[in-house]
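Enquirer: Below are the sequence and a predicted model; questions follow.
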Protein chains: 2
Amino acid sequence: MDKADKIQINRLKVKILGIDSQYEHIIFMRQDCHLCRSEGYEALTRVRVSSSKGSIVATLNVIKSEIIAREQVSLSEGGIEALQLKDGDEVEITHLSPIDSLGLVRAKIYGKELIYDDYYAIINDIVKGNYSTVHLTSFVTVCAWHNLSIAEISALTRAMIDTGETISWDSKIIFDKHCIGGIPANRTTPIVVSIAAAYGLTIPKTSSKAITSPAGTADVMDVFTNCNMTIKKIKEVVSKEGACLAWGGSVKLSPADDTLIRIERSIDIDSKSQMLASVISKKKAAGSTHVLIDIPFGPTAKVRSQAEALHLKEMFGVIGSELGLKIKVLLTDGNQPIGNGIGPVLEAMDVLAVLKNEPKAPIDLKKKSLMLAAELIVLSGKASSENALKIAEEILSSGKAYEKFKAICQAQGKYEEPIKFAPYKIDIKADHTGIISEIDNRKLAKVAKLAGAPSDANAGIYLHVHLNDIVEKKKLLYTVYAKSLGQLKYALEYADQQDQIIKIQGYGESVD
Amino acid sequence: MDKADKIQINRLKVKILGIDSQYEHIIFMRQDCHLCRSEGYEALTRVRVSSSKGSIVATLNVIKSEIIAREQVSLSEGGIEALQLKDGDEVEITHLSPIDSLGLVRAKIYGKELIYDDYYAIINDIVKGNYSTVHLTSFVTVCAWHNLSIAEISALTRAMIDTGETISWDSKIIFDKHCIGGIPANRTTPIVVSIAAAYGLTIPKTSSKAITSPAGTADVMDVFTNCNMTIKKIKEVVSKEGACLAWGGSVKLSPADDTLIRIERSIDIDSKSQMLASVISKKKAAGSTHVLIDIPFGPTAKVRSQAEALHLKEMFGVIGSELGLKIKVLLTDGNQPIGNGIGPVLEAMDVLAVLKNEPKAPIDLKKKSLMLAAELIVLSGKASSENALKIAEEILSSGKAYEKFKAICQAQGKYEEPIKFAPYKIDIKADHTGIISEIDNRKLAKVAKLAGAPSDANAGIYLHVHLNDIVEKKKLLYTVYAKSLGQLKYALEYADQQDQIIKIQGYGESVD
């Protein structure tokens, strides 16, 4: 069998095709290659692919053309990156041994209560990339019920922390803030962190980039400075300035979370268990001890009702204390965007206007930021509720917050102020006189995204009105900014099709 | 905006890349193409793709190389086929309007009981290809609980029937048989159908090809004749011979089923609700009125215990009668393969030996086939239990069943007898003397598949022993047949690694 042995060696040479399949690694092999034939591999077979740099699990797509040669193999971009491959490198392809933790997912499907070790095994396999989209979805779906007990959510959260990096600090008290999202603009974080740090609190903030929204805090901070930092760099910045405004994706805190979130968004299920595990695991892994959580609620926000918001608040308290975190939850107004700009640069302009105490600064963004900063100060135990707001106001109005913000950015590598919006713009005007009675958060976000945000940093929306404003016919409602006429057109087409993104209740018009 | 309008036309030219991604259609577009940029499409965006021949939903994989040009687009093989595309054809790519039925899947996730209209909407979208793998998995997972009521399983079954083709017959009574599977070999169907048809029953049998097993009935029938028939051809054959042995995949009876089954197998969940809906919808859509169901149970079968088999039996009765089917369920021995051959040609040889009353015919396969045929005769009401078995025996031993089998094959287009096994073989022998105490169905099936079955029709296993046989050291246990030395080697390697696929309890050895 010497000859057969030789032919059967499980190694193929890599050809890079540049195909981005996102979180599930795909391996491309010729249908008529010796491995497919001898191993019985067929489309969707899961195999292990190894290089000198490591090993991943990939799903097979079979190639029936000449885009790769018979003795070649290709991987999707994520796989190429994970194995650090270049054209011509060899990889070894082997049968995948059974993934034991899938038995635990099945047990959960059949109603069994899982313990920490079970969740650890599942999350560990997810982090290693051993689960296919089908496996991930099945796990996310079964966690979407009310069928995770408090003990299970805690166990899941701990497993998510223990399968990633963690940061430890010298200070005993580490602050953090988090908004569960769903409201466009609402860019309080840079302001709140600057005030808190200027007051003397230690607040090493990591934030996400947008996945489905027009901007995340990290997208906005990218306008000002470098957010992509190692844990070492984060510690250096925090030790100097008491705070940072880093991109969470640059450090691997609770890495399973990013994968699970993508699946959740694909099915558009709003899993409370996953959200709790996600937020708390990230904070705990970042070494936080005192966390302020902002839950905006409203008809077009992520949380639709006060009852739902109250339930979530209670759960944050319970799971947080299980994990040894001091958590304060605020329920806030989620009926409309906070601030005027939607999109990285437009939001950065709002943040800057507040920090610089400019007259044009959006008052709602300023008020909410001050309120959140005051809550952090109260949480520190150094001031009463009454005094805390005054302290925050003083820090902002004196320019100390602005100075701190610049110092944090400088420590992270640079400080640059945004200067211009995208070149093409169109003004959307009121078609009749009346009072602004509703603003649809989701549809506004969609318009901003169609205009190019966040990948075009200076595209998006500038909002000229807020709820209860009185507008006359032809008065400006909002302006859309885009990099190209084409994108502007798409944003407008979508806006046109909608049944009032901003609803104006005319005088004498009946409320339905 | 005339110029922009011109650039923005959503049409791209097709380049075929020959990538097989199975059931989820993938569209490949350049990251820097004007559509991706202007529409904000990114990896995993779901889009609608239309040609003059129809429209499908596809998931986007973004291309970062030159394998397609900037103004080109490619689709996975399934999409190319569905839209009947060739190189250079134009397709139109548009945003996907929301898939409303996903809201019903979410409602089910949150515990709502769904009605027929809901299941119809879901299954209809699945059949149209509107669900991504994530959506499909979420639906399959939520149906995997004990949380589908009897009414819901009926509604799901009806929806699966109503979204596909159906066959109607002139005869009032149409017979069918079905085995839930899980036992290698066990190829009773061609024998049972031949006896029943020779007796005068109308039994238009459609069968599946293997998905995870070494052979399906359709793979075995492919050895003898043509199984790929239109409904018109099926009716013609049945009107002539009273029976057919067709491939179910050639007609679109309950087409959602095939998609759902693939997802189930990926998570390896054994969903009773889905199995019931799957089997009953296929039978009802095929116009059957009287159905015999074979449920083999045993430690390495699909159904592991008698309790589980009994519960399934009851459910088949209840759902069947809801759908107006007369169902008889038999619980049979699932402790070992039935017959000697495993793999299309090897099983075909067993079938032929029984039909031709050869002395080497496997007695277990003969007995089981006679018993099933007798049950069908009893079900027809034309004979008592006692007489039915004698009738079946007479039809088989007289050669009438063999003649009927050949006639059915001829009516389907041709009749050919299998002649040879795959060229490379190896004998697996007993390493000590004793009694055969256990045979692992799953592991034997895996060895046969590694040897090349079913795609190499004459590869597989010939089993020389059955349970309770006494074997001496070095006596033959089974022979593995493969088309290449490489495949033979893989099958052996796997077999070697297993902890006894066939367990021999030595004399005086204690039972554990």
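Expert: Right, received. Where do you want to start?

Enquirer: Which positions in the stretch 51-200 of chain A make contact with chain B?
Expert: A:61-65, A:67, A:76-77, A:102, A:105-106, A:109-111, A:132-135, A:137-138, A:140-142, A:144-146 (C-beta under 8 Å from any C-beta of the partner chain). Where you see a C-beta, it was placed from the backbone N, CA and C, and this is true even at glycine.

Enquirer: Which among those residues count as buried?
Expert: A:61-63, A:67, A:76-77, A:102, A:105-106, A:109, A:132-135, A:137-138, A:140-142, A:144-145 (16 or more other C-beta atoms under 10 Å in any protein chain shown).

Enquirer: Tell me the helices and strands packed up against the one helix or strand A:Ser281 maps to.
Expert: Here A:Ser281, judged by DSSP states H and E, is contained in helix A:272-285. Counting contacts by 3 or more C-beta pairs under 8 Å, 6 or more residues apart in numbering or on different chains; DSSP states H and E, helix A:272-285 is packed against helix A:133-143, helix A:150-162, strand A:175-179, helix A:256-267, helix A:306-322.

Enquirer: Show me what secondary structure element comes after it.
Expert: Going down the chain from helix A:272-285, the next helix or strand is strand A:290-297, by DSSP H and E.

Enquirer: From the chain's centroid, how far away is that following strand?
Expert: The chain centre lies 16 Å from the centre of strand A:290-297; the measure is C-alpha atoms, centre = their mean, to the nearest Å.

Enquirer: Could you tell me the angle between it and helix A:272-285?
Expert: 150 degrees (axes from the mean of the first three to the mean of the last three C-alpha atoms, to 10 degrees).

Enquirer: what pLDDT, on average, does strand A:290-297 get?
Expert: Mean pLDDT, strand A:290-297: 96.

Enquirer: Could you do stretch A:306-316 as well?
Expert: 93.

Enquirer: can you pull the contacts of A:Gln336?
Expert: A:Ile183, A:Gly298, A:Ile439, A:Asn441, A:His466, A:Leu467 (C-beta atoms under 8 Å, 6 or more residues apart in numbering or on different chains).

Enquirer: right, I mislabeled it, should have said A:Ile377
Expert: Each residue near A:Ile377 by C-beta under 8 Å, 6+ apart is listed here: A:Ala196, A:Tyr199, A:Leu201, A:Ala383, A:Ala388, A:Ile391, A:Ala392.

Enquirer: thinking again about what came up before, just want the angle from the helix holding A:Ser281 to helix A:133-143.
Expert: Using the same axes, to 10 degrees: helix A:272-285 against helix A:133-143 is 100 degrees.

Enquirer: pull the CA atoms of helix A:272-285 into PDB?
Expert: In PDB, the C-alpha atoms belonging to helix A:272-285 read as follows (Å, rounded to 0.1, in the frame of the first residue of the first chain):
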ATOM      1  CA  LYS A 272     -32.600  38.600  27.600                       C
ATOM      2  CA  SER A 273     -30.400  35.800  28.900                       C
ATOM      3  CA  GLN A 274     -27.800  36.300  26.200                       C
ATOM      4  CA  MET A 275     -27.900  40.100  26.700                       C
ATOM      5  CA  LEU A 276     -27.300  39.800  30.400                       C
ATOM      6  CA  ALA A 277     -24.500  37.300  29.900                       C
ATOM      7  CA  SER A 278     -23.000  39.400  27.100                       C
ATOM      8  CA  VAL A 279     -22.900  42.700  29.000                       C
ATOM      9  CA  ILE A 280     -22.000  41.400  32.400                       C
ATOM     10  CA  SER A 281     -19.200  39.100  31.100                       C
ATOM     11  CA  LYS A 282     -17.600  41.900  29.200                       C
ATOM     12  CA  LYS A 283     -17.600  44.200  32.200                       C
ATOM     13  CA  LYS A 284     -16.400  41.600  34.600                       C
ATOM     14  CA  ALA A 285     -13.600  40.500  32.200                       C
END
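
Enquirer: ok and it relative to helix A:306-322, angle-wise?
Expert: 40 degrees.

Enquirer: and the direction of helix A:272-285 versus that of helix A:256-267, what angle?
Expert: Here helix A:272-285 points in a direction 150 degrees away from that of helix A:256-267 (the same axes, to 10 degrees).

Enquirer: Dihedrals phi and psi, the closest residue to A:Leu467 other than its chain neighbours?
Expert: Excluding the flanking residues, the one nearest A:Leu467 by C-beta to C-beta, 6 or more residues apart in numbering or on different chains is A:Gln336, at 5.1 Å. Per-residue torsions, A:Gln336: phi -160, psi 170 (degrees, to the nearest 10).

Enquirer: mind checking the backbone torsions on the residue nearest the centre of chain A?
Expert: Nearest to the mean C-alpha position of chain A, by C-alpha atoms, centre = their mean, lies A:Ser208 at 4.1 Å. The phi/psi pair for A:Ser208 (degrees, to the nearest 10) reads phi -100, psi 160.

Enquirer: And A:Leu75, by the same measure?
Expert: The phi/psi pair for A:Leu75 (degrees, to the nearest 10) is phi -130, psi 150.

Enquirer: residue boundaries of the strands in the stretch 51-200 of chain A?
Expert: A:54-63, A:72-75, A:90-95, A:175-179 (DSSP state E, counting those that start in this stretch).

Enquirer: centre of the chain versus the second one, how much separation?
Expert: So that's strand A:72-75. The answer for strand A:72-75 is 31 Å, by C-alpha atoms, centre = their mean.

Enquirer: buried set for that strand?
Expert: Neighbour-count burial for strand A:72-75 flags A:Gln72, A:Val73, A:Ser74, A:Leu75 (criterion: 16+ other C-beta under 10 Å).

Enquirer: What ranges does the stretch 401-512 of chain A have for its strands?
Expert: A:424-429, A:434-439, A:460-463, A:470-471, A:476-482, A:502-505.

Enquirer: want to throw those into JSON lines with mean pLDDT and mean neighbour count?
Expert: Below are the strands of the stretch 401-512 of chain A laid out as JSON lines (pLDDT from 0 to 100; neighbours: other C-beta atoms under 10 Å in any protein chain shown):
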{"stretch": "strand A:424-429", "mean pLDDT": "95", "mean neighbour count": "16"}
{"stretch": "strand A:434-439", "mean pLDDT": "95", "mean neighbour count": "18"}
{"stretch": "strand A:460-463", "mean pLDDT": "97", "mean neighbour count": "28"}
{"stretch": "strand A:470-471", "mean pLDDT": "95", "mean neighbour count": "16"}
{"stretch": "strand A:476-482", "mean pLDDT": "96", "mean neighbour count": "23"}
{"stretch": "strand A:502-505", "mean pLDDT": "94", "mean neighbour count": "19"}
